[in-house]
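1. quick one, fold the following:
(2 chains)
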Amino acid sequence: MATQPRDQKKQDQQPGDVSTTGHQWDNDEGYPLQEYNNPLPKWWLYTFYATIVYAIVYWVLYPAWPLANGFTKGLLASSMYQELAQEEAAAKATRQPLEKQLADLSLEEIARNNNMLQFAMSSGKAVFGDNCAPCHGTGGVGAQAKGFPILVDDDWLYGGTLAAIQESITNGRNGQMPAHLQTAGGNLSVEQVNDLTQFVLSLSQRANDSVSAQRGRLLFSGEASCHSCHGDHGKGSLLDTVGGQPLDHGIGAPNLTDKIWLHGGDVETIRTSIAKGRSGQMPAWGGPGGRLSPLDIKAVTLYVHTLGGGQKK
Amino acid sequence: MNHATIEKNISIMSLLTLVMVSIGGLVEIVPLFFIDSTIETVQGMRPYTPLELKGRDVYIREGCYNCHSQMIRPFRDEKERYGHYSLAAESMYDHPFQWGSKRTGPDLARVGGKYSSLWHREHMRNPRAVVPESVMPSYSWLEKNVLDYNDISARLSAMKKIGVPYTTEMITHAKADLEAQAIPGQNTTALISRYGKKVPVDDFDAKPEQITELDALTAYLQMLGTLVDFSSYQARSR
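-> Residues are numbered from 1 along each chain as shown, chains lettered A, B, ... in the order given. Below is the predicted model:
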């Protein structure tokens, strides 16, 4: 049965007005189902032709066809590699005067020169954001995850002077706290680890079992030899001494007497740190093949130094 | 010739179809014979170590390519952020390549060595614990799943069949090499003699007692983009 057509105009087309493809299905009540051989819509057809013309023009102007040895270069001889080289050269020319000063002046000289410090800070901030912030947090405020030092405070593991910061960034740091529990490869029993934990709590004046802590004190400078890295008073390798001798600042053993903790300062975390040990790695960013150029490192050193905890000496 | 004539004559139709398909085929296939000439000559490329190869499988399984590209384009902003633009040579042992095109997360083509393995562990557990603004989902099961590498030798020979130059020795010792790279304190001399000094050897997931999928994935991430020696590479001016 023929339904009422919606489009009156189409209905006006009588069979025979438009040629058909000759295909025919069905013949329901004298209405054969036939396929009109309508031309393609003009807007579509001309767009199609235009794309073909566009392709040919493109072949002529731009690199296109692979050949046995190389490829067609095109009249414009366009190359992204060349464009990159030009852009880099232009950027270099702009930065040249300031970058030369950044290279020539020492870190201390830059820190005293307001203009240069501004330049180093803006450049260092960009470098920091991409490379350092994933661990140390945006602006150096630290991360929720433990084990990544906060850079805005004045508590340092390897030193907060310009030179020490530059060294940390350039060559990286490897912090190793060995495991002390027997089952984890150390030489202490569970009770001894507990005693040490109590003593470490006492170092930062917190509630502790004083009898146990007293036993821990002996272990600290005895069997466990914690003092050989953390110092005789537990103030860490930067501030403390062993038998009057200063410690190597490259050890990076934290100060245990303050309230700032790298891996966490609750009883359980301290116990785990002593029992299983900790390792922290700051990747090296400088050197040959390093990710950052010496200039980048200089800029980011100054940036980190000014974050809040930079030390003069 | 009228279109109707072609449509109604099966021989002419077949012949012309064959001509059209041949042209299309030639345009697509012929360049593949010259593809080698488009790969730069570089120093330092090597096939993936067994552990890295397994890590790459994890990378593909988890669909990392859906958000991360491995293709640094020759633009100044990308070069300054990620390092030297990617070379064709750097994906020559990739089947399939992981260039990607969706850049929700950062490009990973040169992520190797950028972060410590500890960072990768924390980041996989909960990305927001280290990068507060991250939208990456957590992949906390990777450090719980023990890596299944019983098929590692077969995996290497399969790669060899499609053109990766694994030697018989590499295939035979694949299992030992995999363990040497992930278990701390193992003798790595043989591993390094086969794959070179740049192999990242570490206890990647901080669980020395077992090899997990996180070990494999981190090993893969830690080598990405570190192989080519750019000090000896001369960019082609083309």
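2. tell me the contacts of residue B:177?
-> By C-beta atoms under 8 Å, 6 or more residues apart in numbering or on different chains, residue B:177 lies in contact with B:49-51, B:170, B:190-191, B:194-195. All C-beta spots, glycine's among them, are computed from the backbone N, C-alpha and C.
3. and the stretch 101-250 of chain A, which residues reach chain B?
-> Proximity of the stretch 101-250 of chain A to chain B (C-beta under 8 Å from any C-beta of the partner chain) is limited to residues A:130-131, A:133-135, A:137-138, A:143-145, A:147-148.
4. all the strands of the stretch 201-313 of chain A, residue numbers only.
-> Ranges of strands within the stretch 201-313 of chain A are A:241-242, A:245-246, A:278-282, based on DSSP state E, counting those that start in this stretch.
5. of all those strands, which one comes closest to residue A:212?
-> Residue A:212 lies closest to strand A:278-282 among those, at 22.2 Å (C-beta to C-beta).
6. that closest one pairs with which strands, and in what direction?
-> strand A:173-177 (antiparallel) (DSSP bridges).
7. which residues touch the strand it pairs with?
-> So strand A:173-177 is contacted by A:157-158, A:229, A:250, A:252-253, A:273, A:277-282 (C-beta under 8 Å, 6+ apart).
8. redo those residues as JSON lines? Include pLDDT, neighbour count and distance to residue B:19.
-> Putting these into JSON lines (pLDDT from 0 to 100; neighbours: other C-beta atoms under 10 Å in any protein chain shown; distance: C-beta to C-beta, whole Å) gives the following:
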{"residue": "A:157", "pLDDT": "93", "neighbour count": "23", "distance to residue B:19": "74"}
{"residue": "A:158", "pLDDT": "93", "neighbour count": "19", "distance to residue B:19": "73"}
{"residue": "A:229", "pLDDT": "93", "neighbour count": "20", "distance to residue B:19": "80"}
{"residue": "A:250", "pLDDT": "89", "neighbour count": "16", "distance to residue B:19": "74"}
{"residue": "A:252", "pLDDT": "91", "neighbour count": "25", "distance to residue B:19": "73"}
{"residue": "A:253", "pLDDT": "93", "neighbour count": "24", "distance to residue B:19": "78"}
{"residue": "A:273", "pLDDT": "94", "neighbour count": "22", "distance to residue B:19": "76"}
{"residue": "A:277", "pLDDT": "91", "neighbour count": "16", "distance to residue B:19": "73"}
{"residue": "A:278", "pLDDT": "90", "neighbour count": "20", "distance to residue B:19": "71"}
{"residue": "A:279", "pLDDT": "86", "neighbour count": "17", "distance to residue B:19": "67"}
{"residue": "A:280", "pLDDT": "86", "neighbour count": "20", "distance to residue B:19": "68"}
{"residue": "A:281", "pLDDT": "88", "neighbour count": "18", "distance to residue B:19": "63"}
{"residue": "A:282", "pLDDT": "91", "neighbour count": "21", "distance to residue B:19": "65"}
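9. quick one: which two of these are the most distant?
-> Between all members of the contacts of strand A:173-177, the farthest pair (by C-beta to C-beta) comes out as A:250 and A:273, at 20.1 Å.
10. which residues touch the closest residue in space to residue B:62 that isn't next to it in sequence?
-> Sequence neighbours aside, residue B:139 is the residue nearest to residue B:62 in space, at 6.5 Å (criterion: C-beta to C-beta, 6 or more residues apart in numbering or on different chains). Residues in contact with residue B:139 (C-beta under 8 Å, 6+ apart) are B:62, B:124-125.
11. how about a cut-off of 10 Å?
-> B:58, B:62, B:64, B:123-127, B:213-214, B:217 (C-beta atoms under 10 Å, 6 or more residues apart in numbering or on different chains).
12. and what of residue A:155?
-> Counted by C-beta under 10 Å, 6+ apart, residue A:155 has contacts A:149, A:236, A:238, A:254-255, A:258-262, A:309.
13. before we move on, what about residue B:34?
-> Per C-beta under 10 Å, 6+ apart, neighbours of residue B:34: A:66-71.
14. of the residues you listed, which is the most crowded?
-> residue A:66 (18 neighbours; other C-beta atoms under 10 Å in any protein chain shown).
15. what helix or strand is the nearest residue to it once chain neighbours are set aside on?
-> Leaving aside its sequence neighbours, residue A:66 sits nearest to residue B:31 (C-beta to C-beta, 6+ apart; 4.2 Å). Element membership for residue B:31, per DSSP states H and E: helix B:10-33.
16. could you say what helices and strands the longest helix anywhere in chain A packs with?
-> The longest helix of chain A (DSSP state H) is helix A:80-104. If you count contacts as 3 or more C-beta pairs under 10 Å, 6 or more residues apart in numbering or on different chains; DSSP states H and E, helix A:80-104 packs onto helix A:107-112, helix A:114-131, helix A:294-305, helix B:76-82.
17. and the ones you listed as a markdown table, adding mean pLDDT, mean neighbour count and distance to residue A:83?
-> Formatted as a markdown table, the helices and strands packed on helix A:80-104 follow (pLDDT from 0 to 100; neighbours: other C-beta atoms under 10 Å in any protein chain shown; distance: least, C-beta to C-beta, whole Å):
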| stretch | mean pLDDT | mean neighbour count | distance to residue A:83 |
| --- | --- | --- | --- |
| helix A:107-112 | 88 | 16 | 33 |
| helix A:114-131 | 91 | 17 | 22 |
| helix A:294-305 | 93 | 23 | 23 |
| helix B:76-82 | 91 | 16 | 9 |
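18. turn these into JSON lines, columns for distance to residue B:116.
-> Putting the helices and strands packed on helix A:80-104 into JSON lines (distance: least, C-beta to C-beta, whole Å) gives the following:
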{"stretch": "helix A:107-112", "distance to residue B:116": "25"}
{"stretch": "helix A:114-131", "distance to residue B:116": "13"}
{"stretch": "helix A:294-305", "distance to residue B:116": "17"}
{"stretch": "helix B:76-82", "distance to residue B:116": "19"}
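19. any idea which of the contacts of residue A:155 the model trusts least?
-> On pLDDT alone, residue A:309 ranks lowest of the contacts of residue A:155, at 76.
20. my read: the residue nearest to residue A:66 touches residue A:70, true?
-> No: assessed by C-beta atoms under 10 Å, residue B:31 is found out of contact with residue A:70, at 11.7 Å.
21. what do the two both touch?
-> residue B:38.
22. distance of the residue nearest the centre of chain B from residue A:276?
-> Centroid check for chain B by C-alpha atoms, centre = their mean gives residue B:94 as the closest residue, at 5.0 Å. Residue B:94 sits 38 Å away from residue A:276, taking C-beta to C-beta, to the nearest Å as the criterion.
23. same check, this time on residue A:177
-> Residue A:177 is 9 Å from residue A:276, by C-beta to C-beta.
24. can you check residue A:63 too?
-> Distance from residue A:63 to residue A:276, by C-beta to C-beta: 58 Å.
25. returning to what we had before: secondary structure element holding the residue nearest to the centre of chain B?
-> Using DSSP H and E, residue B:94 maps to neither a helix nor a strand.
26. that one and residue B:70 touch, don't they?
-> Yes: the criterion here is C-beta under 10 Å, and residue B:94 meets it with residue B:70 at 8.6 Å.
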